[in-house]
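Student: turn this into a model:
(one chain, ligands or ions: 1)
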Amino acid sequence: MTMASRESRLLASAVEAIGQTPLVELSRLTRTVPGRIVAKLEYLNPGLSKKDRIARQMIEEAEAGGALRPGQTVVELTSGNTGTGLAIVCAVKGYPFVAVMSKGNSVERSRMMRALGAEVVLVEQLPGSVPGQVSGGDLERVEQETRRIVRERDAFRADQFVLLGNFRAHCEHTGPEILAQTGGQIDAFCDFAGTAGSFAGCAAAFKAHSPAIRCFVVEPAGAAVLAGEPVTRPHHKIQGGGYVMPDLRFLNRQHVDGYLQVSEEEAIATARDLARKEGLFAGFSSGANVAAALRLLRGELRGKTIAVLLCDSGLKYLSTDLWE
Ligand SMILES: Cc1ncc(COP(=O)(O)O)c(C=O)c1O
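Tutor: Residues are numbered from 1 along each chain as shown. Sure, this is the predicted structure:
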């Protein structure tokens, strides 16, 4: 047996173990569907999500550019995954880290960040908001609290909505890794957008390789602002994105070939299928990505090969109804 897809040399720290994740074909889920789906197992990163990549990139770019001083406090607004990545990178590199998060995100996330040495500040949801369903309004509240803490502590803000490290982590690593793992033989990519960092970064890498690779933004049904659809359901269970923010800094519309909407029921059913049929234990947004890819294979991309990310681990949702 060979272990070709992961590093086999001795690594200096958990930070070096970020990235170079395996790519797996979902042959069981596509048995009765024309075409192929290849899934990048981002949940195998040390913090169990793709966001470890951007945490490392944002911190290392800030170190290199002098924006982050030795020992300075790092602060970020997070739905949990970026915070977990930052907690790991900051623990290894010796920066105190404060994660500011909505109470609406699952409890596993704040526990994991605390275990990794982070200070976690939980912000109450707006009146009427539903736990487990973080809305744009809830996020605005978290944003205000994050700004206050950054000022108060003279901290460096690892702002994933603004810092280009988010885009570059995926443009320089995730996308090129997928191209290398497939010999460049993919026809399409679809990705559930939060900051749109992974969509934009991977799409830029794919389009540079071949403009024929079609890239689709995935959003929750009823909250598809990027597609220009009316918002009928701002609250949904697909944590990590679908925040109803029409302007996302990294999203280059010239790289968007289409928009797909996935209901939370579809995302849940597909995440469960991934676990049961493929042995891949991932979260809601991974289910959304695969549901979108299956729809494309049954429709306009019949017979093609589609790449998706399995964004984070199913372990992050043990307290939710995903695994009831
Ligand atoms: C589980 C999960 N899925 C998807 C996303 C969206 O990724 P991006 O911010 O790169 O659009 C996030 C972002 O936090 C996430 O945590």
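Student: show the pLDDT at the residue lying closest to residue 171 once chain neighbours are set aside.
Tutor: Among residues not flanking residue 171 along the chain, residue 201 sits closest, at 3.9 Å (CB to CB, 6 or more residues apart in numbering). For the C-beta atoms, the positions are set from N, CA and C on the backbone; glycine is no exception. With respect to pLDDT, residue 201 scores 98.
Student: helix or strand for residue 201, which one?
Tutor: According to DSSP states H and E, residue 201 maps onto helix 197-209.
Student: got the residues of the protein near the ligand?
Tutor: 49, 51, 79, 81-82, 192-199, 239-241, 283, 285, 311-312 (CB under 6 Å from any ligand atom).
Student: among those, which ones are buried?
Tutor: Of the members of these, the ones counted as buried by neighbours, 16 or more other CB atoms under 10 Å, are 49, 51, 79, 81-82, 192-199, 239-241, 283, 285, 311-312.
Student: and the residues you listed, which of them are in helices?
Tutor: Using DSSP state H, the subset of these located in helices is 51, 81-82, 197-199, 285.
Student: before we move on, the earlier item: who are the packing partners of the helix holding residue 201?
Tutor: Using 3 or more CB pairs under 8 Å, 6 or more residues apart in numbering; DSSP states H and E, the elements in contact with helix 197-209 are helix 164-169, helix 175-182, strand 188-192, strand 214-220, strand 305-310.
Student: now do the next helix or strand along the chain from the fourth one against strand 214-220, angle only.
Tutor: Read it as strand 214-220. Going down the chain from strand 214-220, the next helix or strand is strand 258-262, by DSSP H and E. Going by axes from the mean of the first three to the mean of the last three CA atoms, to 10 degrees, strand 258-262 is angled at 30 degrees with respect to strand 214-220.
Student: send the alpha carbons of strand 258-262 over as PDB?
Tutor: Taking C-alpha atoms only, strand 258-262 is exported to PDB below (Å, rounded to 0.1, in the frame of the first residue of the first chain):
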ATOM      1  CA  GLY A 258     -23.700  29.500 -13.200                       C
ATOM      2  CA  TYR A 259     -25.400  29.600  -9.800                       C
ATOM      3  CA  LEU A 260     -27.000  26.600  -8.200                       C
ATOM      4  CA  GLN A 261     -29.400  26.500  -5.200                       C
ATOM      5  CA  VAL A 262     -29.500  23.600  -2.800                       C
END
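Student: mind listing what whichever residue of the stretch 201-324 of the chain sits closest to the ligand touches?
Tutor: The ligand sits closest to residue 240 of the stretch 201-324 of the chain, with a gap of 2.4 Å, by CB to the nearest ligand atom. Residues in contact with residue 240 (CB atoms under 8 Å, 6 or more residues apart in numbering) are 79-81, 192, 194, 283-285, 311-312.
Student: which two of the residues you listed have the greatest separation?
Tutor: For these, with distances taken as CB to CB, the pair at the greatest spread is 80 and 192 (15.3 Å).
Student: helices and strands around the top helix by length along the chain, which ones?
Tutor: For the chain, the helix that runs over the most residues, judged by DSSP H, is helix 136-153. Judged by 3+ CB pairs under 8 Å, 6+ apart, the packing partners of helix 136-153 are strand 74-77, strand 97-102, strand 119-123.
Student: quick one: these as CSV, columns for distance to residue 249, mean neighbour count and mean pLDDT too.
Tutor: Below are the helices and strands packed on helix 136-153 laid out as CSV (distance: least, CB to CB, whole Å; neighbours: other CB atoms under 10 Å; pLDDT from 0 to 100):
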stretch, distance to residue 249, mean neighbour count, mean pLDDT
strand 74-77, 15, 28, 95
strand 97-102, 19, 25, 94
strand 119-123, 22, 17, 95
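Student: so which of these is nearest residue 226?
Tutor: That would be strand 74-77 among the helices and strands packed on helix 136-153, by CB to CB, at 19.8 Å.
Student: which other helices and strands contact the closest one?
Tutor: On a contact count with 3+ CB pairs under 8 Å, 6+ apart, strand 74-77 meets helix 81-93, strand 97-102, helix 136-153, strand 156-157.
Student: in CSV: these, plus distance to residue 265.
Tutor: Listed next are the helices and strands packed on strand 74-77 as CSV, based on distance: least, CB to CB, whole Å:
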stretch, distance to residue 265
helix 81-93, 23
strand 97-102, 23
helix 136-153, 22
strand 156-157, 36
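Student: all set now, cheers.
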